[in-house]
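[1] Got a predicted structure here, sequence first:
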Amino acid sequence: MENDKTYVIAIGRQFGCGGREIGQLIAKGLGVAYYDKELLSEAAKSSGVNEDFFEAADERSPRFFSSLWSFNLGYNTGAYFIGDTPLSDDSIYRAQSEVMTQLADRGPCVIVGRTADYLLRDHCKVVSVFVHSSIEDRVQRIMSRGDAKTEKEAREKAEKKNKLRAEYYNFYTDKKWGDAASYDLSIDASLLGTQATAMFIIDFVKKIINKK
């Protein structure tokens, strides 16, 4: 049943488009909570599983996650359980999903990525937004924050990260990552810049939330 006392702005984003910064500006502008990597810490605490597992599996499809077992991450993976369920891609996703639901119940918030738009669709009011930008802008942002040293490296990293996010989203939802039809709003941050894009989305969200 939908909780009409709260709402969530769920933000999907291309790697390097400034989605995190835009999400933070939206949360600040609306005076609501903001969750991104914080979800991993919350999920780890509630499940009793080392946070490294959530970090390693973050926004990666089960096919990718299954390959992690061969590395072990320095822990005895067989010893970790969530309740009575052995640690797996589904249990990782379920634990994170439960945390998102709990966070949504605390009050209005912005949640970045992790299929929040789909997961919470029947739980509360959700405004789903996908942020993208030109490859040129993404490359410059990726390099400026130190995630790559060359344009070639930045392009390759953007492509790899977006592929992982798409596989994750497409696996756990019945929608297509990045497809405009999957979201309430799809916006090119290259056109307005980070600050103005956030303001545009804030105005859009207010109109949707206040709609009778």
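    Good, I have the coordinates. Numbering: from 1, shown residues only.

[2] which element is the residue nearest to D147 when sequence neighbours are not counted on?
    By the measure of C-beta to C-beta, 6 or more residues apart in numbering, the closest residue to D147 outside its immediate chain neighbours is K157, 6.3 Å from it. Heads up, the C-betas are built off the backbone N, CA and C, glycines and all. Counting by DSSP states H and E, the element that carries K157 is helix 151-172.

[3] Wait, L119 touches E98, no?
    No. Using C-beta atoms under 8 Å, L119 is not in contact with E98, being 9.8 Å away.

[4] These two - which one has more neighbours?
    Residue environment comparison for L119 versus E98 gives the larger neighbour count to L119, 22 against 16, counting by other C-beta atoms under 10 Å.

[5] so who does the more buried one touch?
    Going by C-beta atoms under 8 Å, 6 or more residues apart in numbering, L119 touches 97, 100-101.

[6] Narrow those residues to just the buried residues.
    Buried by 16 or more other C-beta atoms under 10 Å: 97, 100, out of those.

[7] any chance of the contacts of L119 in TSV, with secondary structure, distance to L25 and pLDDT too?
    Formatted as TSV, the entries for those read as follows, by DSSP: H, G, I helix; E, B strand; the rest coil; distance: C-beta to C-beta, whole Å; pLDDT from 0 to 100:
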residue	secondary structure	distance to L25	pLDDT
S97	helix	26	86
M100	helix	21	88
T101	helix	25	92
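
[8] What residues of stretch 154-165 count as buried?
    Counting neighbours by 16+ other C-beta under 10 Å, one finds that the buried residues in stretch 154-165 are 154-155, 157-158, 161-162, 164-165.

[9] mind saving the C-alpha coords of it as CSV?
    Extracted as CSV, the C-alpha positions of stretch 154-165 are listed here (Å, rounded to 0.1, in the frame of the first residue of the first chain):
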residue,chain,number,x,y,z
ALA,A,154,37.8,8.2,-18.9
ARG,A,155,35.7,7.0,-21.9
GLU,A,156,36.4,3.4,-21.2
LYS,A,157,35.5,3.8,-17.5
ALA,A,158,32.3,5.6,-18.3
GLU,A,159,31.3,2.8,-20.7
LYS,A,160,32.1,0.0,-18.2
LYS,A,161,30.3,1.7,-15.3
ASN,A,162,27.2,2.4,-17.4
LYS,A,163,27.1,-1.1,-18.7
LEU,A,164,27.2,-2.5,-15.1
ARG,A,165,24.4,-0.1,-14.0
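
[10] circling back to that earlier point, need the CA coordinates for the following helix or strand past the helix holding K157. CSV is fine.
    Moving toward the C-terminus from helix 151-172, the next helix or strand (DSSP H and E) is strand 185-188. Extracted C-alpha coordinates of strand 185-188, given in CSV (Å, rounded to 0.1, in the frame of the first residue of the first chain):
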residue,chain,number,x,y,z
LEU,A,185,11.8,12.9,-16.4
SER,A,186,15.0,12.4,-18.4
ILE,A,187,17.3,15.4,-18.6
ASP,A,188,20.6,16.3,-20.2
